[in-house]
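Peer 1: Could you look at this predicted model? Sequence included:
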Amino acid sequence: MGALQDTDAIWGAMRARQSVDTQNADGFARMLAACLDLSIAWIDHADIYDDGAVEALHGQAVTRLTAGQRQALRLVTKCGVRFASAGQPGVRLHHYRADAAYIRHQAEASLKRLAAERIDLYLLHRPDYLMQAEETARALDALRAEGKIAAYGVSNFSVRQVENLAIRTAQPLAANQIELSPLHTAALDDGTIDQARARNMAILAWSPLGGSRLFDPQDAAGRRVHDTLTRLAGSYDINDIGALALAWVRRTGAIPILGTGRIERLESQVTGLRAAADMDVQDWYEVLEAARGQRVP
């Protein structure tokens, strides 16, 4: 259950405190248990989610789990984004950081909030244009050598930005977390997915349902994809078209991050995703053409 490349999906906790199912420690613990029952062991966090309150909620919730459940969980978290908020005193504007002192401070703070001894996958949340790649690589390698993180990677990095860091780290970058959905397909053509395959990096797909666009009648592309998925769903015996959209993402080899805060919805998404795991090639391209509004070249 623990291998990142083998998982069907990841649960994303970003909005956990806004959901009635997961807004307190008991509910969050029930969601974690439901994830494990579905063989979804990887949980996605970031230090900025509610100024660290989501990580802290996770740390409270795991005390409600059995020792076996706690051991089975795999933690992803991220650092590097800074913006003006109550939890970031002295910050006056949106910016990014990847210096060694900051990376270490944030990793140790996340470990404390998560009530964990190790982060399984630590990601740089956004590329810092002032990043000194050698310094950043040394910081990540040091945290790994100390056992505080098991693996590291990036999020929202371009192909060139990945290469700039990857040639300097002692260990291969394990993942790139990017936006990918039927309504956001740039990674198919800009080399991101090709690079991940060549480097054996996992692609973690955030917003795999395209935000609210899939269900927005005013969004022309969203409406075309919605109609196409609705028509195709019967072939896979799926009632949840969102699950079919997730299967479309998974068919690329990417791992969708499921952002729902409802246990029932999570179960529906995972069940449907697995039912359509081997989506027909022509169906996949039909969804792509619906999104783009034109045939592929």
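Peer 2: The structure has been received and is ready for your questions. Residues are numbered from 1 along each chain as shown.
Peer 1: those strands in the stretch 1-150 of the chain, which residues are they?
Peer 2: 10-12, 42-44, 74-79, 81-82, 95-96, 121-124 (DSSP state E, counting those that start in this stretch).
Peer 1: Using a markdown table, please lay out those together with mean pLDDT.
Peer 2: Listed next are those as a markdown table, based on pLDDT from 0 to 100:
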| stretch | mean pLDDT |
| --- | --- |
| strand 10-12 | 98 |
| strand 42-44 | 98 |
| strand 74-79 | 98 |
| strand 81-82 | 94 |
| strand 95-96 | 96 |
| strand 121-124 | 98 |
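Peer 1: Columns distance to residue 112 on top of these, output as JSON lines?
Peer 2: The C-beta positions use only the backbone N, C-alpha and C, and glycine is treated the same way. Formatted as JSON lines, the strands of the stretch 1-150 of the chain follow (distance: least, CB to CB, whole Å):
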{"stretch": "strand 10-12", "distance to residue 112": "21"}
{"stretch": "strand 42-44", "distance to residue 112": "17"}
{"stretch": "strand 74-79", "distance to residue 112": "12"}
{"stretch": "strand 81-82", "distance to residue 112": "19"}
{"stretch": "strand 95-96", "distance to residue 112": "22"}
{"stretch": "strand 121-124", "distance to residue 112": "14"}
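Peer 1: Out of those strands, which is closest to residue 235?
Peer 2: Nearest to residue 235, of all those, is strand 10-12, at 26.3 Å by CB to CB.
Peer 1: The closest one: which residues count as buried?
Peer 2: Of the residues in strand 10-12, 10-12 count as buried by neighbour count, 16 or more other CB atoms under 10 Å.
Peer 1: residues in contact with it?
Peer 2: The contact list for strand 10-12, computed with CB atoms under 8 Å, 6 or more residues apart in numbering, reads 31, 35, 40, 42-44, 76, 204, 206, 255-259, 266.
Peer 1: Which one of these is nearest to residue 87?
Peer 2: Using CB to CB, those come closest to residue 87 at residue 44, 19.1 Å.
Peer 1: residues contacting that closest one?
Peer 2: The neighbours of residue 44, taking CB under 8 Å, 6+ apart as the test, are 10-14, 76-77, 177, 204, 257.
Peer 1: Redo the buried residues of strand 10-12 as CSV? Include distance to residue 111.
Peer 2: Output for the buried residues of strand 10-12, formatted as CSV (distance: CB to CB, whole Å):
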residue, distance to residue 111
10, 19
11, 20
12, 19
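Peer 1: dump the residue contacts of the residue lying closest to residue 59 once chain neighbours are set aside.
Peer 2: Counting by CB to CB, 6 or more residues apart in numbering, the nearest residue to residue 59 once its immediate chain neighbours are dropped is residue 115, at 3.6 Å. Residues in contact with residue 115, defined by CB under 8 Å, 6+ apart, are 58-60, 62-63.
Peer 1: need the helices for the stretch 151-297 of the chain, in chain order.
Peer 2: Along the stretch 151-297 of the chain, counting by DSSP state H, counting those that start in this stretch, helices occupy 159-166, 192-199, 220-233, 241-251, 263-275, 281-292.
Peer 1: Kindly export the second one (C-alpha atoms) in CSV.
Peer 2: Backbone C-alpha positions of helix 192-199 (Å, rounded to 0.1, in the frame of the first residue of the first chain) are rendered in CSV as follows:
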residue,chain,number,x,y,z
THR,A,192,6.4,17.8,-18.1
ILE,A,193,4.9,14.3,-18.4
ASP,A,194,7.5,13.1,-20.8
GLN,A,195,10.2,14.3,-18.4
ALA,A,196,8.5,12.5,-15.5
ARG,A,197,8.4,9.3,-17.4
ALA,A,198,12.0,9.5,-18.5
ARG,A,199,13.1,10.3,-14.9
